[in-house]
Structures are given as C-alpha cells and as structure tokens.
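Engineer: give me coordinates for this.
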Amino acid sequence: MSNKDSTVWILIALLVGVVLLFSGGGMMGFGMGFGMGFGVIIMVLFWGAIIWLVISLINAGTKKSEETSESALDILKKRYARGEVTKEQYLEMETELTG
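Structural biologist: Alright, predicted model coming up:
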C-alpha cells in the first residue's frame with residue numbers, strides 16, 4: 001500500500017470520527033459530547049491501523065513472491081534484449097548459468 005493510500009484511509013477514519021462526534025440527538029444536544037467522541041476517534045484510528053497493517057503485510061508477501069519467481073537466465077535474457085550486454089557477454093554468461 002502506498003503512502004497515498006495510507007493517507008486516504010487516515011482521512012476517512014478521521015471523517016468517520018468527526019461525524020460520530022457531532023452527530024445529532026442524544027441527551028447532550030450535539031451527539032456524544034467531546035469525551036465520548038474523542039474515544040470513538042481513537043477507536044476508529046486504532047482499527048484503521050490494524051486493517052492497514054494486515055493489508056500491508058499481505059501486499060508485502062505477494063510482492064516478495066513475485067520478485068523471486070524470475071530466474072537468473074530470465075534476467076540475463078531481458079538485459080540482452082535491452083542491449084545492456086553484448087552477444088559475446090550474453091553467450092558467456094548463459095554457459096556459466098546453465099553450466
């Protein structure tokens with residue numbers, strides 16, 4: 001998850017907390033009052049952080065498996081296709097890898 005996604009989730013959590021804080025009704029006239037509303041904001045931020053952590057861990061595990069699935073020979077072929085190595089270098093490295 002990128003920093004932009006994290007920022008969006010934090011803003012959503014804050015917005016939900018503010019709405020709960022100032023929602024109409026109740027005995028105090030403007031919702032749950034500051035003390036209860038602040039607790040709700042903290043609770044929403046806590047659960048938002050937990051959800052963000054779980055999603056980040058899942059994404060990190062997925063990215064790691066994608067990165068390791070490419071073999072050294074595949075990387076060499078891509079480098080040759082991009083022109084980073086000459087034909088002689090490619091053939092030499094290929095024989096070393098397939099050995």
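Engineer: helix or strand next in line after whichever strand or helix holds F46, which one?
Structural biologist: Using DSSP states H and E, F46 sits in helix 33-68. Using DSSP H and E, the next helix or strand after helix 33-68 towards the C-terminus is helix 72-82.
Engineer: now do the helix or strand just after that next one: which elements does it pack against?
Structural biologist: Sequence order places helix 87-98 as the next helix or strand after helix 72-82, per DSSP H and E. The elements that helix 87-98 packs onto, with contact taken as 3 or more C-beta pairs under 8 Å, 6 or more residues apart in numbering; DSSP states H and E, are helix 72-82. The C-beta positions use only the backbone N, C-alpha and C, and glycine is treated the same way.
Engineer: what residues of stretch 87-99 count as buried?
Structural biologist: Of all the residues in stretch 87-99, those buried under the rule 16 or more other C-beta atoms under 10 Å are Y90, M93.
Engineer: got it, and stretch 52-60?
Structural biologist: Buried, per 16+ other C-beta under 10 Å, within stretch 52-60: W52.
Engineer: now that stretch - C-alpha only, PDB.
Structural biologist: Provided in PDB are the C-alpha atoms of stretch 52-60 (Å, rounded to 0.1, in the frame of the first residue of the first chain):
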ATOM      1  CA  TRP A  52      -3.800  -1.100   7.300                       C
ATOM      2  CA  LEU A  53      -1.200  -3.400   8.900                       C
ATOM      3  CA  VAL A  54      -2.900  -6.600   7.800                       C
ATOM      4  CA  ILE A  55      -3.300  -5.300   4.200                       C
ATOM      5  CA  SER A  56       0.300  -4.100   4.100                       C
ATOM      6  CA  LEU A  57       1.600  -7.500   5.300                       C
ATOM      7  CA  ILE A  58      -0.500  -9.300   2.700                       C
ATOM      8  CA  ASN A  59       0.800  -7.000  -0.100                       C
ATOM      9  CA  ALA A  60       4.400  -7.400   1.100                       C
END
